[in-house]
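K.L.:
structure of the sequence below:
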Amino acid sequence: MPDWLEVAWRTLVAVVILFLLTKLLGKRQVSQLSLFEYITGITIGSLAAYIPLDLESSWYLGLVSLAVWIVVSLGIEFLQLKSKKARDFIDGKGTILIKGGKILEDNLAKERLTLDELMEELRRKNVFRAADVEFAIMEPSGDINVLLTRENQPLTPKHLGVKVGPEYEPQAVIMDGEIMDEPLATIGKNRAWLHTELEKIGAAVENVFLGQVDSYGQLTIDLFDDQIKAPEPQAKASLYATLKKCEADLEMFALSVQDEKAKEMYERCSHQMQRILADVKPLLHT
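P.N.:
Model (predicted):
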């Protein structure tokens, strides 16, 4: 077999085997790497490059070496799953860099991190003053995570005591002008419903680049033509306005009716409608 053909054949085999072994190792090998996983990735890549080019030795020996590395990596990962001490020894522990707004210089030196590098990482988290940080921790992966002091944290509905409705994964029901039947069936809708919603918006299926339905059944679209702004869905706002009108009508009836029993009934219904509005407002104003 000519050398070029043998190199091509070995390369093809190495690529297939490397892909299968990487799939076996899992997604962590292509995300944030620990120190050992970083070493493993470099070594496996080097071995995979060595297999097709070393024509003077038995190429299958490179595959044996690859297999040994994979087995060792799997063994290390299994040990990390079972033992906290093993995780701490192999991956290391997080290091606190800032505590209560105070930068810990000794820990910076321990991690060989300069003040400029720390401030750069803080700016990536949209933090520009070290004094605004309650905790900043360098994780074993090298990432720096930041917790702001309570007064500098963003205001959330929980801080205000407001309950909001749960959110679920939106379903893409239109892609590239084509209707996706499976996501439609997942949310219990059909093509007739989708065409009705598109008519309300005033858009045709073939003009929609992406159409998504949220957990409340609202359809939002993005058109191929970026110059055209797609109208915002108004179903929830319209429903809330209708409920508010019902409440106003009940109050008006309570004021205008002369019969005391009827007045009491309308007032009671008005109070019930107010409670209903308070309950559904977080759901309809998301």
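K.L.:
what number of residues lie near residue 70?
P.N.:
Neighbour count of residue 70, defined by other CB atoms under 10 Å: 19. The C-beta positions use only the backbone N, C-alpha and C, and glycine is treated the same way.
K.L.:
before we move on, which element is it in?
P.N.:
Assessed by DSSP states H and E, residue 70 sits inside helix 60-82.
K.L.:
same question for that helix, mean pLDDT?
P.N.:
Helix 60-82 carries an average pLDDT of 74.
K.L.:
can you work out which other helices and strands pack against it?
P.N.:
helix 3-25, helix 35-53, helix 84-91 (3 or more CB pairs under 8 Å, 6 or more residues apart in numbering; DSSP states H and E).
K.L.:
would you mark the buried spots in that helix?
P.N.:
By neighbour count on 16 or more other CB atoms under 10 Å, the buried set for helix 60-82 is 62-63, 65-66, 69-70, 73, 76-77, 80.
K.L.:
what angle separates it from helix 84-91?
P.N.:
With axes from the mean of the first three to the mean of the last three CA atoms, to 10 degrees defining the directions, helix 60-82 sits at 130 degrees from helix 84-91.
K.L.:
send the alpha carbons of helix 60-82 over as PDB?
P.N.:
What follows is helix 60-82, C-alpha atoms only, in PDB (Å, rounded to 0.1, in the frame of the first residue of the first chain):
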ATOM      1  CA  TYR A  60      -2.400  -0.500  16.400                       C
ATOM      2  CA  LEU A  61       0.000   0.200  19.300                       C
ATOM      3  CA  GLY A  62      -1.200   3.800  19.300                       C
ATOM      4  CA  LEU A  63      -4.800   2.500  19.600                       C
ATOM      5  CA  VAL A  64      -3.800   0.500  22.600                       C
ATOM      6  CA  SER A  65      -2.300   3.600  24.200                       C
ATOM      7  CA  LEU A  66      -5.400   5.500  23.400                       C
ATOM      8  CA  ALA A  67      -7.600   2.800  25.000                       C
ATOM      9  CA  VAL A  68      -5.400   2.900  28.200                       C
ATOM     10  CA  TRP A  69      -5.800   6.600  28.500                       C
ATOM     11  CA  ILE A  70      -9.600   6.400  28.100                       C
ATOM     12  CA  VAL A  71      -9.800   3.600  30.700                       C
ATOM     13  CA  VAL A  72      -7.700   5.600  33.100                       C
ATOM     14  CA  SER A  73      -9.900   8.700  32.500                       C
ATOM     15  CA  LEU A  74     -13.100   6.800  33.100                       C
ATOM     16  CA  GLY A  75     -11.600   5.300  36.200                       C
ATOM     17  CA  ILE A  76     -10.700   8.800  37.500                       C
ATOM     18  CA  GLU A  77     -14.100  10.200  36.700                       C
ATOM     19  CA  PHE A  78     -15.800   7.200  38.500                       C
ATOM     20  CA  LEU A  79     -13.500   7.800  41.500                       C
ATOM     21  CA  GLN A  80     -14.500  11.500  41.600                       C
ATOM     22  CA  LEU A  81     -18.200  10.600  41.500                       C
ATOM     23  CA  LYS A  82     -17.700   8.300  44.600                       C
END
